[in-house]
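Q: coords please:
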Amino acid sequence: MAHVRQKLSSDHVANVRQDVRQKLEGFGLRQQVQRGQRIAITAGSRGIGGFAELLAGISDAVKSCGGEPFVVPAMGSHGGAQPEGQAEILRRLGVDGTEIRATMETRELGAAENGAIAHVDRLAAEADGIIVLGRTKTHPESAGELASGLLKMCTIGLGKQIGAQEAHNHGLWESVRAVPKLQIPKSRMLCGVAVVENGFRQPCAIEVVPANYEAFLEADMRLLRLAKTHLAQIPFDNLDLLIVDELGKTISGAGMDPNVIQHKSKRIVVLSLTWPSLGNGLGIGVADFTTKRFADAYDPEVCYVNLLTATEPGGNTREGPLPMAFASDREAIEVGLYSSLAGAAPRVCRIKNTGLLDEVFASEALMPEIKRNAALENLSGFGPMEYDSAGNLF
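A: Numbering: from 1, shown residues only. Presented below is the predicted three-dimensional model:
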């Protein structure tokens, strides 16, 4: 394998904490927050680039107004649909310095136009104001003009497990368009903070959006177009084997972004589960093989509640179950390679995860494509993959 760099745009916000604070102050937050008021800030489970700095900057802005900020986990059914689990995910993602208040209780707001019952996190609903932080990006289940963003954070994140279940049961994207029409005016929302990442998972655009449905919808659709220009892809097709170092809810709602891996490879091997996913290995069912290390980290209860919460008309449960698990990386990779019936010149690519594709490893059979692609740079010669004494990759 050779170490290959993929040239991606590196434009990003240099000082995330300062940038978001200044933008909130310029937005007029002082006119909305009075001294002593309790302001809830939403925090999801995806591990946005600059996540801790974004939350700190929002908190700084609230404090500068005399307000009292706190963070509410806004992640639907993640963390086993338990408040302790959701708070732990945020701690594992580096959230520190602002109080985390977690509950799975909600306030019911009534039926949206598509029939889904709208819910809002009870602690957020009881606050004097809510600031919605959300990343705008493609979503595994959406190929249209609306995907992950402020409206989905309202619908699924603030809806907690029961709200997420309602939304999925009535069709996710219909609900994302319908539910916030009730939530936004009934929940003392002050504004949204929308973030777009570059291919290095660094914030490259941060916008403060007025808290009304039309503004959230416009920002979600417009910023999605920007996000798509930064979506990195695996630079090879028709692979025999794709090796994925890690999968997790911190990377994609599907563990591995289908927009990245679809139709790329005959076989997929996943080696490990990200620690902040708290055992939620949803998406491993898409892989063909995995490791005992992944299986040991996989928590069926946590995964199953997320999988079943996301039940939609016409959906399935294939992303949840574990595939064959082998004792080491080497065994899983060897079996994957054999199973692909690759022949003497296997087409193999190894990636860290589907969210970080600036550097990959490629087999010798891919060298002609590396040479032809001006966006690819070979950083090393070809050499064997290196394993430790237990048979796991360095």
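Q: the helices in the stretch 1-150 of the chain, which residues?
A: Assigned by DSSP state H, counting those that start in this stretch, the helices in the stretch 1-150 of the chain fall at 16-27, 51-64, 83-92, 122-126, 150-152.
Q: so which of those helices is the most packed in?
A: Neighbour counts (mean count of other CB atoms under 10 Å) averaged over each of those peak at helix 150-152, with a mean of 31. C-beta here means a position set from N, CA and C on the backbone, and glycine is covered the same way.
Q: measure how far that helix is from the centre of its chain, please.
A: Relative to its chain's centre, helix 150-152 lies at 13 Å (CA atoms, centre = their mean, to the nearest Å).
Q: which other helices and strands does it contact?
A: strand 129-135, helix 172-178, helix 213-229 (3 or more CB pairs under 8 Å, 6 or more residues apart in numbering; DSSP states H and E).
Q: what sits up against that helix?
A: 132, 134, 136, 139, 176-177, 180, 192, 194, 209, 216-217, 219-220 (CB atoms under 8 Å, 6 or more residues apart in numbering).
Q: quick one: mean pLDDT for it?
A: For helix 150-152, the mean pLDDT works out to 97.
Q: pLDDT check: weakest of the contacts of helix 150-152?
A: Going through the contacts of helix 150-152 one by one, the lowest pLDDT turns up at H139, 71.
Q: ok, the nearest residue to it once chain neighbours are set aside to L307 distance?
A: Spatially, and ignoring its direct neighbours in sequence, H139 is nearest to A147 (3.9 Å; CB to CB, 6 or more residues apart in numbering). As judged by CB to CB, to the nearest Å, A147 and L307 stand 20 Å apart.
Q: and what of I117?
A: 21 Å.
Q: residue contacts, I89?
A: 45, 73, 75, 78-79, 276-278.
Q: from the contact counts, what lies against the lowest-mean-pLDDT helix or strand in the chain?
A: Ranked by mean pLDDT, DSSP states H and E, the weakest helix or strand in the chain is helix 258-261, scoring a mean of 90. Identification of packing neighbours for helix 258-261 by 3+ CB pairs under 8 Å, 6+ apart yields no helix or strand.
Q: pull the distance from that helix to the chain's centre.
A: Once both centres are worked out by CA atoms, centre = their mean, helix 258-261 turns out to sit 13 Å from its chain's centre.
Q: could you point out the helix or strand that follows it?
A: strand 265-273 (DSSP states H and E).
Q: and the next element down the chain from that next one?
A: Immediately after strand 265-273, counting by DSSP H and E, sits strand 289-291.
Q: tell me which residues of that next one come out buried.
A: Neighbour counts over strand 289-291 (16 or more other CB atoms under 10 Å) mark 289-291 as buried.
Q: excluding its backbone neighbours, what's nearest L223?
A: In space, L223 is closest to T136, 4.0 Å off (CB to CB, 6+ apart).
Q: wait, that neighbour sits on A227?
A: Yes: here T136 reaches A227: they are 5.3 Å apart, a contact under CB atoms under 8 Å.
Q: higher neighbour count, these two?
A: Comparing T136 with A227 by other CB atoms under 10 Å, the one with more neighbours is T136, at 29 against 24.
Q: torsion angles phi and psi at that one?
A: Taking degrees, to the nearest 10, you get phi -100, psi 120 for the backbone angles of T136.
Q: list the contacts for it?
A: Neighbouring residues of T136 by CB under 8 Å, 6+ apart: 147-150, 194-196, 219-220, 223-224, 226-227.
Q: highest neighbour count among the residues you listed?
A: Going by other CB under 10 Å, L150 tops the contacts of T136 with 33 neighbours.
Q: for the residue nearest in space to the middle of the chain, what are its contacts?
A: The centre of the chain sits closest to R46, judged by CA atoms, centre = their mean, with a distance of 3.4 Å. R46 sits next to 135, 148, 249-253 when contact means CB under 8 Å, 6+ apart.
Q: go on, A125?
A: Counting by CB under 8 Å, 6+ apart, A125 has contacts 106-107, 187-188.
Q: what's the answer for G248, then?
A: By CB under 8 Å, 6+ apart, G248 lies in contact with 255, 273-274, 276-277, 280-281, 353.
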